[in-house]
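Chemist: curious how this folds, go ahead:
(2 chains)
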Amino acid sequence: MVFLKRTTFVCLAIIGFVSIFLISCGDPAKKHKVLTFFFDGVPPLPTEGEIGPPRPDLAPVTAKEGEEGATGTEKQKDVWYVHKPAVKDCNSCHERLKKGQWALPKFKKKPPELCYDCHDEVAKAKGFMHGPVAVGECLFCHTPHRSPNKYLLKEKDPELCYRCHQKLWIMTLSGHTGEDLSDCLSCHEGHVGSTISLLKPDWNQKTK
Amino acid sequence: MRYKRKMVSLVGRLWNGRRKCPLGLFILGCLLMFTRISIAADDSERPIITHGPIYGSVELSAEHRTDTQTGGASNRTNKTAIFREKVTAGTEGSVYHPNLLFYNVALGVGLTQQNVKSDENSGWNNGTLDEYNVMMQFLREKNYPLTVSMSRYDDFIARSFLGPMETTQENASIVQSIRSKDWPMTFQYTTHKTTQRDVVSDSNDFFNLDSKEFSYFLDHNFSRLSHMRIEYEKSDVTQSSPGSTTTVKQDEFTFLHDLIFGKQERHRLDTYFSYLNETGTSDYKYMQWSERLLLQHTENFRTIHELQVTNLSQQTDKTEEIRLTNGFEHQLYESLITTGQAYISQSKLENNTDIKQTGESLAFAYQKENPLGKLFSVYSISMNQFDQTGGGGTGVVLNESHIANDVFPVQLNQTNIDISTIEVKNSIGLLFQEGEDYTISVIGNRTFLNIITVGGVTPPNFTNGEQFFVDYNYTLSGDQSQDTVNQRFTIRQRFENGISVYYMHDRQDQTVSPSDANDEPDSFRTNTFGIDYTKKGLFLLAEYAKHDSATLPWDSKRVEGRYGWSISPQTTASVFASDQWLSFGGVDPYDTTLFLSGAEVFSRLMEKYSLSTRLNYRDETNSKSGPTTGWQLRSELQYNYRRLIVTTGVEYSLLSRSDDETTTTFVYLRVKRLF
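Modeler: Just a heads-up that it's a prediction; the model follows:
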């Protein structure tokens, strides 16, 4: 029994390391093709003439299709998520400047009213509210223009959550073991929930 | 001077007694206002006491509750009517200046009449409603503000098959904050008193809770990246009810420190120390110290190292544990998160029993978009070794967390549990009652709690999905070792049209040596297949699960549907239905079917009217305990125009279990006029 489980454990570790080794070797184009077949979010290959690995901050701003806050038509080419108005119409959020006028762009309204003009589902929702939502601090978690993270989050989940919710304490809660800690938003709502823990209605299914 | 002495003497007398205290302050304030003592401010004079507009309300309410039980051993009926007439008034203002003393005061007086008609008691009872809420803030803009608050609330609550219960809650607190730039701290003293008693029947039915708590909090930032917090709490809580009085005194000290360090401030060290000393009905001491180091090596790779020392002593039992954990987390692009962990733990019990536990775990969480939709998959494996040497002993478990489920028995984690020591409580520490809220069943050396979510008489009652906590003692037999391997595999394909299919495999393989009839290994396999569909407000689910276990095998089939939609901009509606068929095997096999359905409508009929109605139905058949059928209807109509609020509602429930049927009707009308 002990031998069996040790063997299973060692085999899994070997398979993992061999896979990583094989993926890391060989032609960069083939490697990229294999990687994008198995994984999402693989950075694009450097374009001709470009030296070194691609830098996300210099990469062309395209976005995943079908995700909230995303725009563009190319599917799964880049990892940037862009707020639609930031691409199409700056004046939907910022005041229009007169010709020749130079000034820091002003918001038309202050958040959260500005955000609620389009995202009224958050304003209308009833139930227990996440702290930043309750005080209208949308920009505490979201960036207004573009982000490498889904939903234009400032950091990836769960790092963003750890800004306020200490991981040490989260780990003491029931159902928050090591492997469950990687994706807070699979069980918890980010804005409004029907329970004080902002649990999603189907959280119980997801933790099975 | 003589006038001043008289006034001080009057105030002193009024201050004598907690209940009179706010009244004394109120009269003192009125006297000062009427004497028109004023102060010079700049070139003008202003009164020493100022107040804003006086606000308040007049409330009238009438409630009628009827409970009937027929069939079975007893037929009984209980009717309760409660009337309330209450006036409240309040204001806020300041003494000398808002920054010296700012106050907010509200007083309420009222009358109440209760009538009970039951097989045991009949008659009227009159009572009064005395309420106040006083808050005073001294020097609120300074760095050392002081806040004093006092409140009292009275209410009479109609109960199922019991006379109305008079509930009085009194709270008082004093909070001194010191807003030091480097060492901010808070001193707080709070008292709380709850008194509940049956006011109509002569039965000795009461509940009292008296708590006093002192707490102290200190924060300090050694630097921008180094923070410390110290907490100290001392509490004394006494609860009494017929035949039972419990006193719990607690001293709790907590120290927390976090340090962020390294290149780009990516690493973090957390220190946590806690010491709890509880005396009274249950005596125990609990100490925990942990050091947790998080090293963020790259953007996608981090390691976690933790040392935890715990020391628990309860009466004659003592447990010392040292636990060392090392783990890592790695994220590959946006698709694969790998986590791994290894731990070693050494425990020493009072009677020379040594327990060594080691464990390793590895988990892969994978997700990938594909032309059909998105694929999710998780595989985790954990291995735990448990080796006990030395004589047996008593293990103590505190606050073991579980989720209430009204069809599946909840299995407690340890074996050979002394069931007389089991205490089940909710998140705020209120105890559930065995028999009314749960039953205990023992299969082999395993202990299960069967949660009852319908028909409870006194709170707290379980709700399905509620988190609860269990304390118990268990017996550790002689030398023993256990090897446990847990594996879990989940795969789910979510199609773009809203359909999602999934399969889950959960298994545990356990070996126990030496093999003993009292310590059977707990090995099981659970296979779950399911399909669901989500589109706008519609959710449909079909699931089949089979659990193979030597202790309690079962298989389950479940279908579920929910739909919510807006009938009009002012009206929303939702309906749901679920049906589950369960078959339990083992030494005492039984079958259960549970059908639940319900509907809810909320409508803002006109600008001034709103209506909410909820209907729930439950039909359960259990081959051991028989059928249970229940209906519950709640409907409320509210009229809200300017400062007038009229609320009327009806609640009806019917619960039919075996040969016993209980019906409850609750009708109410509440009128509130604000001014």
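Chemist: where does the prediction get shaky in the stretch 251-400 of chain B?
Modeler: Residue ranges of the stretch 251-400 of chain B with pLDDT under 70: B:315-316, B:391-392.
Chemist: in chain A, what residue lies closest to chain B?
Modeler: residue A:41 (3.1 Å; Cβ to the nearest Cβ). Where C-beta positions appear, they are placed from N, C-alpha and C, glycine not excepted.
Chemist: what's the burial count for that residue?
Modeler: 19 (other Cβ atoms under 10 Å in any protein chain shown).
Chemist: from residue B:490, how far out is it?
Modeler: 21 Å (Cβ to Cβ, to the nearest Å).
Chemist: does residue B:671 touch residue B:648 like I think?
Modeler: No - checked against Cβ atoms under 8 Å, the pair residue B:671 and residue B:648 is beyond contact range at 9.2 Å.
Chemist: dump the residue contacts of the residue lying closest to residue B:636 once chain neighbours are set aside.
Modeler: In space, and not counting its chain neighbours, residue B:636 is closest to residue B:649: 3.7 Å by Cβ to Cβ, 6 or more residues apart in numbering or on different chains. Each residue near residue B:649 by Cβ atoms under 8 Å, 6 or more residues apart in numbering or on different chains is listed here: B:634, B:635, B:636, B:637, B:667, B:668.
Chemist: format those as a markdown table; extra columns: neighbour count and secondary structure.
Modeler: Written out in a markdown table, the entries for those read as follows (neighbours: other Cβ atoms under 10 Å in any protein chain shown; DSSP: H, G, I helix; E, B strand; the rest coil):
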| residue | neighbour count | secondary structure |
| --- | --- | --- |
| B:634 | 16 | strand |
| B:635 | 15 | strand |
| B:636 | 16 | strand |
| B:637 | 15 | strand |
| B:667 | 15 | strand |
| B:668 | 17 | strand |
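Chemist: format these as TSV; extra columns: pLDDT.
Modeler: Shown next, in TSV, are those (pLDDT from 0 to 100):
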residue	pLDDT
B:634	94
B:635	95
B:636	95
B:637	94
B:667	96
B:668	96
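Chemist: which of those lies closest to chain A?
Modeler: For these, the nearest to chain A is residue B:636 (15.7 Å; Cβ to the nearest Cβ).
Chemist: within the sheet, what are the partner strands of the helix or strand that residue B:469 is a member of, with directions?
Modeler: Using DSSP states H and E, residue B:469 sits within strand B:467-476. In the sheet, strand B:467-476 lines up against strand B:393-403 (antiparallel), strand B:417-425 (antiparallel) (DSSP bridges).
Chemist: whichever helix or strand comes after that strand near chain A at all?
Modeler: Counting by DSSP H and E, the next helix or strand C-terminal to strand B:467-476 is strand B:480-495. Yes - on the criterion Cβ under 8 Å from any Cβ of the partner chain, strand B:480-495 is in touch with chain A at B:483, B:485, B:490.
Chemist: nearest residue to the middle of chain B?
Modeler: residue B:427 (3.3 Å; Cα atoms, centre = their mean).
Chemist: excluding residues flanking it in the chain, which one is nearest that residue?
Modeler: The nearest residue in space to residue B:427 (Cβ to Cβ, 6+ apart) is residue B:467, at 6.2 Å.
Chemist: ditto for residue B:95
Modeler: The shortest distance from residue B:95 to any non-neighbouring residue, by Cβ to Cβ, 6+ apart, is to residue B:101 (4.1 Å).
Chemist: and the pLDDT at residue 3?
Modeler: Just so you know, I chose chain A. As predicted, residue A:3 sits at a pLDDT of 48.
Chemist: um, chain B though
Modeler: pLDDT, residue B:3: 41.
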